[in-house]
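Chemist: Next one to model:
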Amino acid sequence: MKKYISYLLPSSLFTFNLKNKIMQTILTDFYTLTTYEKAEAGKFTAHIHLNKDHDIFKGHFPGNPVTPGVCMMQIIKELTEEFTGSKLFLKTASNVKFMAIINPFETPDLVLQLDINEDGEDVKVKIPLLLARLLH
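Modeler: Modelled structure (predicted):
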């Protein structure tokens, strides 16, 4: 039986504005989108794998690697761009709380559920749950 841990409070909400249609990542080799499923209109489940050898983990924190919250938010942005086919920038973020530490050596595989709603110039993303698969 697979076990999961929740990392973001239910109903975290991100609002992005549309820029253009070019996909780009700033987290080069930080994570890999291994698979994703589109369940229904605007609902996606993404499976990602964190690169435990990335330089970010050497400095955050030496000997005790922790995935920075800002990187998790960037991953959500990049996945939203991938799923909508649009270049976005963060407009607002509300009710965002990181409930546990993500150590890439202990939990490198994450499952993100995104509920994406395009509303004119805004793209709203509700993250009901961010799950980390425990391999133990």
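Chemist: Quick check on residue 74: phi, psi?
Modeler: phi -70, psi -40 (degrees, to the nearest 10).
Chemist: again with residue 80
Modeler: The phi/psi pair for residue 80 (degrees, to the nearest 10) is phi -60, psi -40.
Chemist: Provide a list of residues in contact with it.
Modeler: 14, 16, 88, 114, 116, 123, 125 (CB atoms under 8 Å, 6 or more residues apart in numbering). Yep, even glycine has a C-beta here, placed from its N, CA and C like the rest.
Chemist: For the second one, the count of nearby residues, please.
Modeler: This means residue 16. 25 (other CB atoms under 10 Å).
Chemist: and if you look at the last one?
Modeler: Other residues within reach of residue 125, judged by other CB under 10 Å, total 25.
Chemist: what mean pLDDT does the host helix or strand of it have?
Modeler: Applying DSSP states H and E as the criterion places residue 125 in strand 122-134. Mean pLDDT, computed over strand 122-134, is 74.
Chemist: Name the SS class of the residue positioned nearest the centre of the chain, please.
Modeler: Central residue of the chain (CA atoms, centre = their mean): residue 76, 3.4 Å from the mean position. Taking DSSP: H, G, I helix; E, B strand; the rest coil as the rule, one finds residue 76 in the helix state.
Chemist: Low-confidence ranges, this structure, go.
Modeler: 1-14, 18-26, 129-136 (pLDDT under 70).
Chemist: Surely the residue nearest to the centre of the chain and residue 127 touch.
Modeler: Yes: between residue 76 and residue 127 there is a contact under CB atoms under 8 Å: 6.4 Å.
Chemist: what's the span of stretch 47-66, first residue to last?
Modeler: One end of stretch 47-66 sits 19 Å from the other (CA to CA, to the nearest Å).
Chemist: which of the residues in that stretch are buried?
Modeler: Counting neighbours by 16 or more other CB atoms under 10 Å, one finds that the buried residues in stretch 47-66 are 47-48, 50-51, 54, 56-57, 65.
Chemist: residues touching the nearest residue to residue 102 once chain neighbours are set aside, list them.
Modeler: Excluding its sequence neighbours, the residue lying closest to residue 102 (CB to CB, 6 or more residues apart in numbering) is residue 67, at 3.9 Å. Going by CB under 8 Å, 6+ apart, residue 67 touches 50, 57, 101-104.
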